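Novice: need a structure here:
(one chain, ligands or ions: 1)
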Amino acid sequence: MNRSILVVDDEIRYRELYARVLRDAGFDVLEAGSAADALELLEHETLDMIVSDVRMPGESGLDLLRRVRAGKPELPFLLVTAYADVREAVDALKLGAVDYLAKPVDLDELLAAVRDTLGVGADADPEIPAGSLEGIVAASPAMRSVLRDAYRVAPSDATVLLTGESGSGKEVVAQFIHRHSTRRDKPMVPVNCAAIAPALLASELFGHERGAFTGAVNKRNGYFREAHEGTLFLDEIGDMPLELQPSLLRATETGRITPVGSDKETLIDCRLIAATNHDLETDVAEGRFRQDLYYRLNVITIDIPPLRERPEDIPPLARAFLNKDKTEAQRLSRAAMQALVSHPWPGNVRELANAMAHVRLLSQTDVILPEHLPPAVRKSAGKAAPASRNAESQEAPVQARTLEQHEIEAVTAALKQTKGNRTHAAQLLGITRRGLIYKLKRLGIE
Ligand SMILES: Nc1ncnc2c1ncn2[C@@H]1O[C@H](COP(=O)(O)OP(=O)(O)OP(=O)(O)O)[C@@H](O)[C@H]1O
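Specialist: Just a heads-up that it's a prediction; the model follows:
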């Protein structure tokens, strides 16, 4: 007989997400939106385990745990605690929770915790259906795991935060999520928060009334409403001005926005995916990003590793970029491929795409040799290949130093090639100018 699990969370999109992941793994799942509903279900149903959020209106998850313990001392209880609140976690364990998960919830971890508790073995991981990758290269275990997570969260309406360096594929993953969501027939509207002047961002996002400000000749709907029934992709969310963040928080919490110049709220219906290459936790600590909004966005986070940490993706990506839309394929020699695999790719997949565009333009030969590669990449030839993120290594600090050294060389070569022009060097590396400045600071390059 299947084991049955009760999932308790007042927020339906997260409750449904956890429930679906557990159902897909073969469990029977019941759902409750409050502690009171959970207690009522408990009276009639035979359960093997409870998974509950802590913060809920009315009685909290901890109150529920206390009540369950009084009647069913043996029933395993797993709590999802808000934002690594240590005190809550300690209370949970004292009250007899078998374990607690801190947000952001890692769905693999949730499944593993439930399986461990119930002593149930793992089934094979859900496979992404063949043919659904549509041009996305994912040869490395790290990237396959990213896409598995994306595939799992796609059908829910959960807000997803994508983190990763510039050019690592955050927008590609956002599109993948949208394509596998129930909103796939409606638009995904991408908005780069860093590219819009801060003064205009409110009206771009929330829309404005006619005459709301000088120049507002016509009424504008704004991106939230353009993404109606679809997905709104907020790229570079870390660049969202502080004064706009409360309105965004309100939109995500209540599903309502107020267009600029209007005194009426409008209901919105869109799924939100946000992305950042900043460390938002540092931004919160330094007062640039609101903590409440961060917590709100950080419930389900998918981290896309930099390309240098998944070298298995480099050869198939390089081949795909080199031969896109070509009838006669060009081949990469072993030495050229080795140089590509050894390069640290500070601009990630975008930099690799640019490098292969350079090769396509400048070489007509059938076989690409290292000398056909851009100078910054050529310099990497003969260097040790970086290890993949999961590789076991006792020499991690040495590896890290080598990688940094590689990065310094690539950035310096790009600057040299562009005679110190940072905008052009950033383009060559496939990163934004701001990203380059950040890298120069981190790597200590003057
Ligand atoms: N796994 C992949 N397979 C194929 N192409 C990819 C993959 N990842 C990224 N790309 C390509 O690399 C380029 C950069 O990807 P993308 O725009 O998704 O990165 P990003 O992380 O959103 O960058 P930024 O932070 O600068 O917005 C795009 O042209 C994209 O199509």
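Novice: List the contacts of Ile437.
Specialist: Ile437 is in contact with Arg422, counting by Cβ atoms under 8 Å, 6 or more residues apart in numbering. C-betas here are computed from N, CA, C, even on glycine.
Novice: Let the chain start at 238 from now.
Specialist: Let's use 238 as the start, then, which means that last one is Ile674.
Novice: Sticking with it, tell me its helix or strand.
Specialist: Applying DSSP states H and E as the criterion places Ile674 in helix 670-680.
Novice: what does Val409 give?
Specialist: Short version, using DSSP H and E: Val409 is in helix 407-416.
Novice: So Ala439 sits against Pro483, correct?
Specialist: No. Using Cβ atoms under 8 Å, Ala439 makes no contact with Pro483, being 11.0 Å away.
Novice: Neighbour count: the two, which is higher?
Specialist: Each of Ala439 and Pro483 has its neighbours counted (other Cβ atoms under 10 Å); Ala439 has more, 23 against 12.
Novice: Angles on the backbone of the nearest residue to Thr655 once chain neighbours are set aside, please.
Specialist: Spatial nearest neighbour of Thr655, excluding adjacent residues (Cβ to Cβ, 6 or more residues apart in numbering): His661 at 3.9 Å. Note on His661: backbone dihedrals following degrees, to the nearest 10 are phi -70, psi -40.
Novice: so how many other residues sit close to His661?
Specialist: 15.
Novice: residues contacting the residue of the stretch 288-437 of the chain found nearest the ligand?
Specialist: When scored by Cβ to the nearest ligand atom, the stretch 288-437 of the chain has Gly406 as its residue closest to the ligand, at 2.9 Å. Gly406 is in contact with Ile373, Met380, Ile541, Asn585, Val586, counting by Cβ under 8 Å, 6+ apart.
Novice: ok, back up a step: and the helix holding Ile674, anywhere near the ligand?
Specialist: No. Judged by Cβ under 6 Å from any ligand atom, helix 670-680 and the ligand are separated, with a smallest distance of 7.2 Å.
Novice: Can I get that helix as PDB, trimmed to CA atoms?
Specialist: Extracted in PDB, the C-alpha atoms of helix 670-680 (Å, rounded to 0.1, in the frame of the first residue of the first chain):
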ATOM      1  CA  ARG A 670      30.000  46.200 -18.400                       C
ATOM      2  CA  ARG A 671      28.900  46.200 -14.800                       C
ATOM      3  CA  GLY A 672      29.600  42.500 -14.500                       C
ATOM      4  CA  LEU A 673      33.100  43.100 -15.800                       C
ATOM      5  CA  ILE A 674      33.700  45.900 -13.300                       C
ATOM      6  CA  TYR A 675      32.500  43.600 -10.500                       C
ATOM      7  CA  LYS A 676      34.900  40.900 -11.800                       C
ATOM      8  CA  LEU A 677      37.900  43.300 -12.000                       C
ATOM      9  CA  LYS A 678      37.200  44.300  -8.400                       C
ATOM     10  CA  ARG A 679      36.900  40.600  -7.200                       C
ATOM     11  CA  LEU A 680      40.000  39.500  -9.100                       C
END
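Novice: what number of residues lie near Glu280?
Specialist: 7.
Novice: To clarify, my last question referred to Gly444.
Specialist: 23.
Novice: per-residue confidence for it?
Specialist: Gly444 is assigned a predicted lDDT (pLDDT) of 90.
Novice: Nearest spatial neighbour of it, chain-adjacent residues omitted?
Specialist: Nearest to Gly444 is Gly459, by Cβ to Cβ, 6+ apart, at 3.0 Å.
Novice: ok, now Ala572?
Specialist: Pro607 (5.0 Å).
Novice: hang on, that neighbour packs against Ala576?
Specialist: Yes. Here Pro607 reaches Ala576: they are 5.0 Å apart, a contact under Cβ under 8 Å.
Novice: rewinding a little: show me what contacts the residue nearest to Gly444?
Specialist: Gly459 touches Ser440, Glu441, Leu442, Phe443, Gly444, His445, Ile494, Pro496, counting by Cβ under 8 Å, 6+ apart.
Novice: Quickly name whichever of those is closest to Gln567.
Specialist: Using Cβ to Cβ, Glu441 comes nearest to Gln567 of the contacts of Gly459, at 42.2 Å.
Novice: thought that closest one was touching Ile433?
Specialist: Yes. Counting by Cβ under 8 Å, Glu441 does reach Ile433; the two are 5.4 Å apart.
Novice: Now do the shared contacts for the two.
Specialist: Residues touching both Glu441 and Ile433 by Cβ under 8 Å, 6+ apart: none at all.
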